[in-house]
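Asker: this is the structure alone, sequence omitted:
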């Protein structure tokens with residue numbers, strides 16, 4: 001996942017996901033620094049609503065159900 005801000009760009013690699021005290025915690029590496037992302041239930045609902053809008057529904061379903069193509 002690439003994150004872009006007005007001042008910098010960096011890659012985020014998510015390595016683990018767990019539930020802690022009612023929040024989804026994603027652990028990974030941002031560029032070279034370890035990071036944690038905490039997502040609360042209201043934030044997760046908002047993200048799901050965004051993913052399942054008509055404009056993004058086709059992409060979301062393809063991303064969930066298609067296999068990566070063999071590079072050969």
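Answerer: Here it is on my side, so go on. Computed from a predicted structure; not experimentally measured.

Asker: helices of this protein, start to end?
Answerer: Assigned by DSSP state H, the helices in the chain fall at 41-51, 54-65.

Asker: now the angle between helix 41-51 and the last one, please.
Answerer: Here helix 54-65 runs at 100 degrees with respect to helix 41-51, directions being taken by axes from the mean of the first three to the mean of the last three Cα atoms, to 10 degrees.

Asker: figure out which of the helices of the chain is closest to residue 1.
Answerer: With Cβ to Cβ as the measure, helix 54-65 is the member of the helices of the chain nearest residue 1 (12.3 Å). Where C-beta positions appear, they are placed from N, C-alpha and C, glycine not excepted.

Asker: what packs against the closest one?
Answerer: Packing partners of helix 54-65 (3 or more Cβ pairs under 8 Å, 6 or more residues apart in numbering; DSSP states H and E): helix 41-51.

Asker: let's see 6 Å
Answerer: For helix 54-65, there is no helix or strand it packs on, judged by 3 or more Cβ pairs under 6 Å, 6 or more residues apart in numbering; DSSP states H and E.

Asker: what mean pLDDT does that helix have?
Answerer: Predicted confidence along helix 54-65 averages 89 (mean pLDDT).

Asker: ok, back up a step: and the helices of the chain as CSV, adding mean neighbour count and distance to residue 12?
Answerer: Compiled in CSV, those are given as follows (neighbours: other Cβ atoms under 10 Å; distance: least, Cβ to Cβ, whole Å):
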stretch, mean neighbour count, distance to residue 12
helix 41-51, 11, 15
helix 54-65, 10, 17
